[in-house]
Structures are given as structure tokens and as C-alpha cells.
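Participant: below: sequence and its predicted model.
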Amino acid sequence: MLVVVTYDVNISETAGAKRLRKVAKLCERFGIRVQNSVFEVLVDAAQLVVLKNQLEAAIDPELDSIRFYRLGNSYQQKIEVMGKARLVETGAPLLL
């Protein structure tokens, strides 16, 4: 299933910058960055649970937030891009 993960990490303190880097690295392990704090993640249900648990441990729930938008398995017709598009879409083979 395709899940869009968005996050807002408060970086007004030094620890916030560290949390921001950790959240971004975790998301990079599971998907591709499509905007600064937005990732498209192609995972199964078990992988999503792992990702959510790791992200939950990485943030301060009093200061930070993460949102998950589940687009499901039939996501191709649900995504519309305006402007600069990625060369490789999530789940598509890399052909140069």
C-alpha cells in the first residue's frame, strides 16, 4: 500500500534538529522524499507498523507531529502532480 507520511518537528531547541534528522532518515529507509517533509512510502501492513513505532520513538509528542495518509494499493490514479515531477515514481522500476 502507498502511504504519504508528513511531519512537522519543532526545531526551536537543539534537540529538535536531532529529532528532525532522525525522522527524515527513518522515512528515507522506507520511501522517497517528494517534498521537504513529505514522503511516499510503499509498505505492507507489517512494515507500516514498524515505521510508525520507530517514528513514535523518535519524536517528542508534545512538540512534534506526524501524519499518515493511506492511499492503498490502487494509488496510481489517486496521485496528480503539478510542476516538477519526480523521475521515478514509487514502486516503479528505475529506467534511465
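Facilitator: Here it is on my side, so go on.
Participant: go through this protein and flag its longest helix.
Facilitator: helix 14-30 (DSSP state H).
Participant: angle of the next helix or strand after that helix against helix 14-30?
Facilitator: Heading C-terminal from helix 14-30, the first helix or strand you meet, by DSSP states H and E, is strand 31-35. With axes from the mean of the first three to the mean of the last three Cα atoms, to 10 degrees applied, the angle from strand 31-35 to helix 14-30 works out at 120 degrees.
Participant: so for strand 31-35, mean pLDDT?
Facilitator: Strand 31-35 shows a mean pLDDT of 93.
Participant: if we can go back for a sec, and the longest helix of the chain, how far from the chain's centre?
Facilitator: 11 Å (Cα atoms, centre = their mean, to the nearest Å).
Participant: name the residues that touch that helix?
Facilitator: The contact list for helix 14-30 (Cβ atoms under 8 Å, 6 or more residues apart in numbering) reads 5, 7, 9-11, 33, 37, 39, 41, 43, 47, 51, 54-55, 58-60, 63-64, 66. Where C-beta positions appear, they are placed from N, C-alpha and C, glycine not excepted.
Participant: go again with 10 Å.
Facilitator: Helix 14-30 has contacts (Cβ atoms under 10 Å, 6 or more residues apart in numbering) with 3, 5-11, 13, 33, 36-43, 47-48, 50-51, 54-55, 57-60, 63-64, 66.
Participant: so among those, which ones count as buried?
Facilitator: Buried by 16 or more other Cβ atoms under 10 Å: 3, 5-7, 9-10, 37-43, 48, 51, 54-55, 58-59, 64, 66, out of the contacts of helix 14-30.
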